[in-house]
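Novice: Okay, here's the prediction I keep looking at, along with the sequence it came from:
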Amino acid sequence: EFFGWCVMEYTSDSISFVKGYSNGDEYTVLEIDLNKSLESQVAEAKKRKFDEEEAERKEIEEKERAELERLKNKYK
């Protein structure tokens, strides 16, 4: 149903589903490269997501570590 609200754009190399919003913003919801297998595209997307989550986790850990150091120094 969601894809019914999207505009399908295509070229000879890809198909994209773009969701437009009333404020003029547009977001590509899904893009399929017709020159690659779906399996490889899914694997790439999963790796990208994993890498993003890992970077976010590390950033949170760094912030927590810095806060812990700040509190240690404050209450010495």
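Specialist: Looks like it arrived, so ask away.

Novice: so where do the helices sit in this protein?
Specialist: 38-74 (DSSP state H).

Novice: Under the pLDDT cut-off, which ranges of it? List them.
Specialist: Along the chain, segments meeting pLDDT under 70 are nowhere present.

Novice: change it to 90
Specialist: For the chain, applying pLDDT under 90 flags the ranges 1-5, 76.

Novice: Check it and tell me which residue is nearest its centre.
Specialist: Nearest to the mean C-alpha position of the chain, by CA atoms, centre = their mean, lies Lys49 at 6.1 Å.

Novice: how much space between it and Ile32?
Specialist: Lys49 is 17 Å from Ile32, where distance means CB to CB, to the nearest Å. To be clear about C-beta, it is placed using only N, CA and C from the backbone, and glycine gets the same treatment.

Novice: likewise Lys19?
Specialist: 15 Å.

Novice: same deal with Gly24?
Specialist: 25 Å.

Novice: With neighbour numbers in mind, choose between the two.
Specialist: Ile32 (13 against 6; other CB atoms under 10 Å).

Novice: Look up the closest residue to that one, ignoring the ones flanking it.
Specialist: Nearest non-adjacent residue to Ile32, counting by CB to CB, 6 or more residues apart in numbering: Ile15, 4.8 Å away.

Novice: quick one: that neighbour and Leu34 touch, right?
Specialist: Yes - Ile15 is within contact range of Leu34, at 6.9 Å (criterion: CB atoms under 8 Å).

Novice: The nearest residue to Val29 once chain neighbours are set aside pairs with what?
Specialist: Once flanking residues are discounted, Val29 sits nearest to Phe17: 4.7 Å by CB to CB, 6+ apart. Beta bridges link Phe17 to Met8, Leu30, judged by DSSP bridges.

Novice: In contact with Phe17: list those residues for me.
Specialist: 3, 6-9, 28-31 (CB atoms under 8 Å, 6 or more residues apart in numbering).

Novice: same thing with Glu26?
Specialist: 18-20.
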